[in-house]
Structure formats: structure tokens, C-alpha cells
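A.B. asks: the amino acid sequence is not available; the structure is as follows:
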């Protein structure tokens with residue numbers, strides 16, 4: 001691929017973005033580790049040969065973090081700060097839709 005991705009710069013797949021939206025639709029607020037454990041529990045045993053727990057966790061959650069970043073760029077998720085452990089937290093936009101969606105009309109003017 002010669003050019004840079006314009007639509008999903010973090011190169012996440014539709015399935016991963018759907019997983020993130022499903023988890024955030026239920027939990028409202030979640031870390032990438034929580035999203036991975038709920039949507040793809042079979043990946044928990046991946047990367048067990050990495051030297052440290054932090055490296056294993058980073059390798060295991062990289063794809064879901066990329067999906068959250070792409071959703072953030074599309075306006076479907078927002079940054080929710082960090083946990084006490086320092087993990088970034090994401091949550092779905094309040095409306096669950098794109099931010100440029102028109103709001104409800106006020107019939108009284």
C-alpha cells in the first residue's frame with residue numbers, strides 16, 4: 001500500500017470496531033484490556049512468551065486500542081481519562097452517534 005489510510009488510520013478492522021462499540025454499549029466505560037477480555041477472551045492466552053506482564057498486555061490489547069483510536073477519530077468514542085493504574089479509558093459518545101448529527105428540533109421555537 002503506497003498511501004496512508006485516510007478512513008481508519010490505526011488500521012483497525014470492522015469486526016474490532018464493532019466489538020468495541022458492543023462492549024461500550026453495555027459497560028459505557030471500559031479500558032482496552034476490559035474490551036479485549038469481554039469481546040475476545042481467547043486472546044488472553046496469546047503472547048504468553050513476552051518477557052514481562054506489561055509487554056504481554058500491550059501485545060494482547062494493541063488491536064483493540066487501535067479500534068478505539070479509529071472510533072475516536074470518527075466521533076463515536078471519546079477519551080474518558082485514565083484509571084488509577086494508568087490505563088486509558090474510553091467511553092461511547094452520549095448520543096452513540098456521530099457528533100455532527102443534528103439534534104432534536106424544538107417545536108416551540
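C.D. replies: On my side now, so go ahead. Being a predicted model, the structure only gives us computed values, none of them experimental.
A.B. asks: phi first, then psi, for the residue nearest in space to the middle of the chain.
C.D. replies: The centre of the chain sits closest to residue 68, judged by C-alpha atoms, centre = their mean, with a distance of 2.3 Å. Reported as degrees, to the nearest 10, the phi and psi values for residue 68 are phi -60, psi -40.
A.B. asks: what do you get for residue 20?
C.D. replies: Torsion angles, degrees, to the nearest 10, at residue 20: phi -60, psi -40.
A.B. asks: thinking again about what came up before, show me what the residue lying closest to the residue nearest to the centre of the chain once chain neighbours are set aside is bridged to.
C.D. replies: Distances taken as C-beta to C-beta, 6 or more residues apart in numbering place residue 90 nearest to residue 68, at 4.7 Å, with adjacent residues excluded. (Glycine included, C-beta is placed from N, CA and C.) Judged by DSSP bridges, the bridge partners of residue 90 are residue 30, residue 79.
A.B. asks: residues near residue 90, how many?
C.D. replies: Neighbour count of residue 90, defined by other C-beta atoms under 10 Å: 25.
A.B. asks: list the contacts for it?
C.D. replies: Residue 90 is in contact with 20, 24, 29-32, 35, 68, 71-72, 77-80, counting by C-beta atoms under 8 Å, 6 or more residues apart in numbering.
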